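[1] Okay, here's the prediction I keep looking at, along with the sequence it came from:
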Amino acid sequence: MESGFLSMYRSIVEEMAEGVVFLDADDAVRICNPAAERIRKVKAARIHGKTIYSIHPPRMHARIHQLIESLKAGRISNGSRTIQTHGRYFSNSYSAIKSPAGEYLGTLLVSRDVTEEKRLEVENESLKIPTDMNKVKCLIVQSEAAKRMYDMAVSLGAIDSTVLVTGENGTGKECVVELLHQHSPRRNAPLIKVNCAALPENLIESELFGYLKGAFTGASETRKGKFELAHGGTMFLDEIGELPLAAQAKLLRVIQERAVQPLGGKNEVMVDVRIVAATNHILSDDVAHGHFREDLFYRLNVIHIEVPPLRERREDIAPLAQMFLEKFSARMGKPIRTLSDEALNILMAYHFPGNIRQLEHAIERAVALSSGELILPDDLPRDLLETSMPSLKPHAAISHDKPLKEALAIFEREYIAQTLMRCAYKKSHSAEQLGISRKNLWEKIQRYNLSDPEVT
C-alpha cells in the first residue's frame, strides 16, 4: 500500500505545472520534475545527486547559501523571490521540510510562472493615482533618548516660544519641527520651511520679506515673502547657521518687531508667526568665532531641543529599518522585505555617521537590489559592511587593580587624544572619526583637558 502511495505522489509531482525541486539535508538534488526541467533548462538526470549550487552561477552561491542556512536554523520557515529568465517571470519559493520530530529533511523549491500576473501588475501600477510616499511617520521613539526628545517636542507645541532644534545631519530635525507644529494651536495654519543654506545671498531679503512690483529689475508683480505666507502658523528656518551676517541682522529685527518690510515698500507688514530654527552647527562656537550674531543666537535659543544621533538611540534602528522596508517595498511594487539576522546585526553594529538619512538610503538600496523576501548582507551598501568601529585593546598604562570605570576613562582619554592629533585638532573631523557629536567631543575635551597644545 505504501509503495502505491509513493507512486501516486510521484505521478502528482511529475504532472504539476509548477517546477518542483527537492534538496536533501546536504543540499543535493533528489527530485526535479519535468516542469522544473523546462523552467531551469536542465535535465534531471544530469543534476540528480549534485548540489543546488551546480545549477546556479557562482555569483548566486552566497545568497542561496544564506537562504538555505536560515531555513535550516529555523530563522525563517520559507522564503521567496521572483526571477526573470528567458523572457518570462517566475516566482521561486523555498520551504524547510522537517520530520514530525523536527529533524531537517531538506529544502523544497517550487517555481511558478507569474509572467501574466507581472504584466497585469505593471498595468495596474500605471493606472494608479500617484501618492506622496514621503508622508510617512518619521519619528520612531523606542529608545529613551528618542522618547525624551518626543515628549519635549509635544509639550512645547502648546506654547509659542521660539525653539532651536540642533543635531547632526540626517538625525530628523525636520520631523521634530513638524511634531512641534502638529501639537501647537497653529496646526491648521501653514508650516513654511526656508532652507537658509539654499538661498542665494542676493535673494534672501526678497524671499523672506517679499517685494512690490517694480522693486527691482524682473519684479513684474508683487510677491509675498515667506514670513507673510506663514502668518498665523510656523516659520521654520532650516540650516540657520548658514545665514550670512547681513541677513542675520535683518532677521533679528523681524523677530523683535514681528513685522517685515517688503522690498520697494514703505510700510511694514505685521506678521504673527511662531519661529523654529534648526542647525547642525554648534552656534555658540560660531558666535565665538564671529560667524553668528550673539544677539540673534539668544533670540533663537529660547528653548533648545537636541536631536540625538542614531548611534545614541540604537533601539530605534530596527523599527526605523522596518518602516523604510515597508515604504520602499510599496514604492517599488514589491512584497514587503524582511531583514535577515545577519543584515540586522550589521545595521545594529554600524555607527551611522549619516544617521537616519544614511539608514534610509541603505534600506532603499537593499530593497531595490534584493530579489527575495530576505534582505541579506550583500544587499547592503559596502560602507556598512566595512564598519570602522574601533576595537578595544588593553593598554599598558591601565593597571589591573583599577575599577572598570576608571580604566575605561583612561582608555577613552588616550583614544580621543590620539584621534585629535591625527585630525590636527579639527573638532568636526575628529568627532566624525570618533562617531560622536561635536558637542559630545567638546564636553570630553573639557573633561580630560585635551586642548590643542599650539593654542595653550
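    Done, it's in.
[2] how about the strands in the stretch 101-250 of the chain?
    104-113, 163-166, 191-195, 210-211, 223-224, 234-238 (DSSP state E, counting those that start in this stretch).
[3] With mean pLDDT as new columns, can these be given to me in TSV?
    Formatted as TSV, those follow (pLDDT from 0 to 100):
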stretch	mean pLDDT
strand 104-113	88
strand 163-166	96
strand 191-195	94
strand 210-211	88
strand 223-224	90
strand 234-238	95
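[4] Let me see the backbone angles for Ile140.
    phi -110, psi 130 (degrees, to the nearest 10).
[5] Ok, Thr279 next?
    Backbone torsions of Thr279, given as degrees, to the nearest 10, read phi -160, psi 160.
[6] So it is in contact with Leu243, correct?
    No - with contacts counted by C-beta atoms under 8 Å, Thr279 stays clear of Leu243, the gap being 9.4 Å. Glycine gets a C-beta too; all of them are placed from N, C-alpha and C.
[7] and Pro335, that one's in a helix?
    No - using DSSP: H, G, I helix; E, B strand; the rest coil, the assignment for Pro335 is coil, not a helix.
[8] And it, what's its pLDDT?
    pLDDT for Pro335: 87.
[9] quick check: longest helix of this structure.
    Counting residues, the longest helix in the chain under DSSP state H turns out to be helix 404-422.
[10] Next, the angle from the next helix or strand after it to helix 404-422.
    Following helix 404-422 in sequence order, the next helix or strand is helix 427-434 (DSSP states H and E). Here the directions of helix 427-434 and helix 404-422 differ by 130 degrees (axes from the mean of the first three to the mean of the last three C-alpha atoms, to 10 degrees).
[11] Flag every buried residue along helix 427-434.
    Buried residues in helix 427-434, counted by 16 or more other C-beta atoms under 10 Å: Lys427, Ser430, Ala431, Glu432, Gln433, Leu434.
[12] and of these, the nearest to Ala249?
    Lys427 (27.5 Å; C-beta to C-beta).
[13] so how far is Arg357 from the closest one?
    The span separating Lys427 from Arg357 equals 22 Å under the rule C-beta to C-beta, to the nearest Å.
[14] now do Leu156
    Leu156 is 24 Å from Arg357, by C-beta to C-beta.
[15] got it, and Thr217?
    Distance from Thr217 to Arg357, by C-beta to C-beta: 39 Å.
[16] more neighbours, those two?
    Shown here are Thr217 and Arg357; by other C-beta atoms under 10 Å, Arg357 has more neighbours (15 against 6).
[17] mind checking pLDDT for the closest residue to that one other than its chain neighbours?
    Once flanking residues are discounted, Arg357 sits nearest to Gly170: 3.3 Å by C-beta to C-beta, 6 or more residues apart in numbering. Residue-level confidence at Gly170 comes out at 90, pLDDT.
[18] ok, Gly170 touching Ala362?
    No - contact between Gly170 and Ala362 fails when scored by C-beta under 8 Å: they sit 11.6 Å apart.
[19] of these two, who's got more company?
    Ala362 (24 against 20).
[20] and that one, what does it touch?
    For Ala362, the contacting residues are Leu347, Leu380, Pro381, Leu384, by C-beta atoms under 8 Å, 6 or more residues apart in numbering.
[21] for the chain, what are the low-confidence residue spans?
    For the chain, residues meeting the criterion pLDDT under 70 lie at 1-5, 59, 81-89, 118-138, 386-402, 424, 451-456.
[22] Kindly report the domain assignment for it.
    With domains defined by automatic domain parsing, the chain comprises 2-127, 144-306, 310-385, 390-456.
[23] Name the surrounding residues that touch stretch 73-83.
    Applying C-beta under 8 Å, 6+ apart, the contact partners of stretch 73-83 are 67, 70-71, 89-96, 114, 118, 335, 338, 340-341, 370-374.
[24] could you redo the last one with a cut-off of 6 Å?
    Contact with stretch 73-83 is made by 67, 70, 89-96, 341, 371-374, as judged by C-beta atoms under 6 Å, 6 or more residues apart in numbering.
[25] I'd like to know which of the residues you listed are buried.
    Buried members of those, counted by 16+ other C-beta under 10 Å: 67, 70, 89-96, 371-374.
[26] Filter those down to the ones in helices?
    Leu67, Ser70.
[27] Kindly indicate which of the buried ones among the contacts of stretch 73-83 lies nearest Pro200.
    For those, the nearest to Pro200 is Ser371 (44.8 Å; C-beta to C-beta).
[28] Can you give me the distance of that closest one to Met60?
    9 Å.
[29] go on, Leu199?
    As defined by C-beta to C-beta, Leu199 lies at a distance of 50 Å from Met60.
[30] Same question for Val21.
    Separation of Val21 from Met60 (C-beta to C-beta): 15 Å.
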